[in-house]
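Student: Provided below for reference: sequence and predicted model.
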Amino acid sequence: MGTGYLGVSAYPHLEEAYWFGEGVTPEPARRGLLPTVPRRRCWARPAPTTGPSRLRGGAPLLLAGGRRTLPLRRGHRWTPSGLRDPLPFGKIPEPLAVSRSVNFSGVRELDVVVIGAGQAGLSAAHHLRRVGLEPDVGFVVLDHAPRPGGAWQFRWPSLTYGKVHGMHALPGMELTGADPDRPSSEVIGAYFAAYEERFDLRVHRPVEVSAVREGSGGRLLVETSEGPYAPRALINATGTWDRPFWPRYPGQETFRGRQLHTASYPGPEEFARQRVIVVGGGASGTQHLMEIAEHAVGTFWVTRSEPVFREGPFTEEWGRAAVAMVEERVRNGLPPRSVVSVTGLPMTDAVRRAREEGVLDRLPMFDRITPSGVAWDGGRVVEADVILWATGFRPAVEHLAPLRLREPGGGIRAEDTRAVRDGRVHLVGYGPSASTIGANRAGRAAVRSVMRLLKGTGGGRTDRESGVAVVGARVAEA
């Protein structure tokens, strides 16, 4: 294709678009979809009712809108409310470049789509760059969050960076000089933003991915809010934050107080002069409980099993052993457990004080919820104003459902990062790689596997009936 091709997938966002430049005329222009103009310049008028649109093209463009005509150079993007803040008018991060191939139906074809820009997704994107793939040409990173930071940007303000249990740096760039009293959402959000800029990862956000299904020619079809993509491989790094787990108990709908999950925890001050039940024996549950106890009239800690507190430092050997236990479940096609559920709770000075003061006196799981609290079959009743469910999260992989990757045990069976039922799909930030150190390693491992797949030396789509991996010249053509 000639230089400056304005992609077919941009048409829904434009009222008028023209082919410009010299050289080979693209197929859409030949078929009359794109009028040609005899100069190295193009102009386009955005349709006023659309969402964010990215204008493609290598040569200069002119954006004509209302009474203003602005030069639309590489890096500009239009939205219904004007050109995006916080950068100066007309200065927006890089838009989509023209893919290696944009087919006639408007599907953008490239080698790899990365879904998610948290720790695992950024690690994978970094390694894709290192092996020579170009953002927006060889691969694209799609993130539904409004800004950099992954799930960290949604953490409660009282979770300061000094309270974070281990934050491993992204590959190639250390996180140094962070204020331990600053909210972790701000520290890590700024770190991720600087990382994206330093390595020019060009993350597309906010972009929602609705489904991944079988495409044509051995490719996958990724359906998104900015149009469809047809990659040869997929790296899924969607984590768990978008899928909080709410257990169900009899009478839950009758409770007259407030129920909320860790995902929407606002901080301890909101629970002043209230009676609060915290459900869950993980790190979040204990952190919430110790904070809330300083403000609430009374707190109660309820867990399904007896919590295990671990003395001593969290060594690398201990971490590897914990990851191996989680990895075994994933290898067997079972739903993954969190790494924290295997490692136990660290016995910090704060935890030790809370145990001595009775804040961490644990009650067994209640049997039912009443309009005014919870009750056990033995007759015990606890009155409460709030039930806080610190019951963890589940992998956010519903968009992969059309590929039918789940095993009878309920999980997606994976070897290293590669889904056994479809070798084009790689899961990072899933199961054993859900920790920050595991996410970094998984990103590197996934890219190695993807590159073998792209070169036709490994991976491929699994034939579900024969159980044989099928590898072809393009990806996995049966």
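Tutor: In hand now; what should we look at? Nothing here was measured: the structure is a model prediction, and the numbers come from that model.
Student: please enumerate the helices of this structure.
Tutor: Taking DSSP state H as the criterion, the chain contains helices spanning 27-30, 119-130, 184-198, 283-292, 316-331, 339-343, 349-356, 436-454.
Student: by contact count, what packs against the fourth one?
Tutor: When contacts are defined as 3 or more CB pairs under 8 Å, 6 or more residues apart in numbering; DSSP states H and E, helix 283-292 packs onto strand 275-279, strand 298-303, strand 345-346, helix 349-356. From N, CA and C alone the C-beta is placed, and that goes for glycine too.
Student: which among these is found nearest to Y161?
Tutor: Of all these, it is helix 349-356 that lies closest to Y161, at 15.5 Å by CB to CB.
Student: tell me which residues touch Y249, please.
Tutor: By CB atoms under 8 Å, 6 or more residues apart in numbering, the residues touching Y249 are 366-369.
Student: change it to 10 Å
Tutor: Contacts for Y249 (CB atoms under 10 Å, 6 or more residues apart in numbering) come out as 255, 279, 365-369, 374, 387.
Student: do the same with Y191
Tutor: 148-149, 152, 161, 167, 169-170, 173-176, 178.
Student: what's the answer for G409, then?
Tutor: Contacts here follow CB under 10 Å, 6+ apart; on that basis G409 touches 329, 332-335.
Student: the same query, at a cut-off of 6 Å, please.
Tutor: G409 is in contact with 333-334, counting by CB atoms under 6 Å, 6 or more residues apart in numbering.
Student: quick one: pLDDT of it?
Tutor: Looking at G409, its pLDDT is 84.
Student: how close does it sit to P336?
Tutor: Going from G409 to P336 by CB to CB, to the nearest Å gives 11 Å.
Student: distance of the closest residue to Q259 other than its chain neighbours from V302?
Tutor: Excluding the flanking residues, the one nearest Q259 by CB to CB, 6 or more residues apart in numbering is I387, at 4.8 Å. For I387, the distance to V302 equals 9 Å [CB to CB].
Student: and for A414?
Tutor: 33 Å.
Student: those two - which one has more neighbours?
Tutor: Neighbour comparison, A414 and V302: the larger count goes to A414, with 25 against 20 (by other CB atoms under 10 Å).
Student: read off the pLDDT value for the nearest residue to F300 once chain neighbours are set aside.
Tutor: Once flanking residues are discounted, F300 sits nearest to I277: 4.7 Å by CB to CB, 6+ apart. According to the prediction, I277 has pLDDT 97.
Student: isn't I277 up against A384?
Tutor: Yes - contact criterion CB atoms under 6 Å: I277 and A384 qualify, at 4.7 Å.
Student: more neighbours, these two?
Tutor: I277 (25 against 22).
Student: who does that one bridge with?
Tutor: F300, I387 (DSSP bridges).
Student: what's the answer for V425, then?
Tutor: Counting by DSSP bridges, the residues bridging with V425 are L234.
Student: thought it was touching A419?
Tutor: Yes - here V425 reaches A419: they are 4.2 Å apart, a contact under CB under 6 Å.
Student: how much space separates the residue lying closest to H127 once chain neighbours are set aside from V114?
Tutor: Among residues not flanking H127 along the chain, V447 sits closest, at 3.9 Å (CB to CB, 6+ apart). Note on V447: its distance to V114, by CB to CB, is 10 Å.
Student: what's the overlap in contacts for the two?
Tutor: Common neighbours of V447 and V114, counting by CB under 6 Å, 6+ apart, are A124.
Student: give me the more crowded residue out of the two.
Tutor: More crowded of V447 and V114, by other CB under 10 Å: V114, with 32 against 28.
Student: distance check, that one against G215.
Tutor: Taking CB to CB as the measure, V114 and G215 are separated by 17 Å.
Student: next: R448.
Tutor: 24 Å.
Student: list the buried residues of stretch 204-213.
Tutor: 204-205, 207, 209, 212 (16 or more other CB atoms under 10 Å).
Student: let me fix that: stretch 147-163
Tutor: Of the residues in stretch 147-163, 148-153, 155-156, 158-161, 163 count as buried by neighbour count, 16+ other CB under 10 Å.
Student: now do the same for that stretch: mean pLDDT, whole number.
Tutor: So the average pLDDT for stretch 147-163 ends up being 88.
Student: how long is that stretch end to end?
Tutor: 23 Å (CA to CA, to the nearest Å).
Student: for the stretch 351-478 of the chain, what are the low-confidence residue spans?
Tutor: 431-438, 457-478 (pLDDT under 70).
Student: how about the strands in it?
Tutor: Secondary structure of the stretch 351-478 of the chain, counting by DSSP state E, counting those that start in this stretch: strands at 362-364, 368-370, 373-375, 381-383, 386-389, 414-415, 418-419, 425-427, 461-462, 469-470.
Student: most neighbours per residue, which of the ones you listed?
Tutor: Among the strands of the stretch 351-478 of the chain, the stretch with the highest mean neighbour count (mean count of other CB atoms under 10 Å) is strand 425-427, at a mean of 28.
Student: contacts for that strand, please.
Tutor: 234-236, 414, 417-419, 446.
Student: which of the residues in stretch 232-244 are buried?
Tutor: So, applying 16+ other CB under 10 Å, buried residues of stretch 232-244: 232-242, 244.
Student: can you show me the CA trace of it as CSV?
Tutor: Taking Å, rounded to 0.1, in the frame of the first residue of the first chain, the C-alpha atoms of stretch 232-244 are listed here in CSV:
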residue,chain,number,x,y,z
ARG,A,232,-2.3,-14.3,14.6
ALA,A,233,-1.8,-14.6,18.4
LEU,A,234,-3.4,-13.2,21.6
ILE,A,235,-1.9,-12.3,24.9
ASN,A,236,-4.6,-12.0,27.5
ALA,A,237,-3.6,-9.9,30.5
THR,A,238,-7.0,-8.9,31.9
GLY,A,239,-6.3,-9.9,35.5
THR,A,240,-9.1,-10.3,38.0
TRP,A,241,-10.1,-6.8,39.3
ASP,A,242,-13.1,-6.5,37.0
ARG,A,243,-14.6,-9.7,38.4
PRO,A,244,-15.1,-9.4,42.2
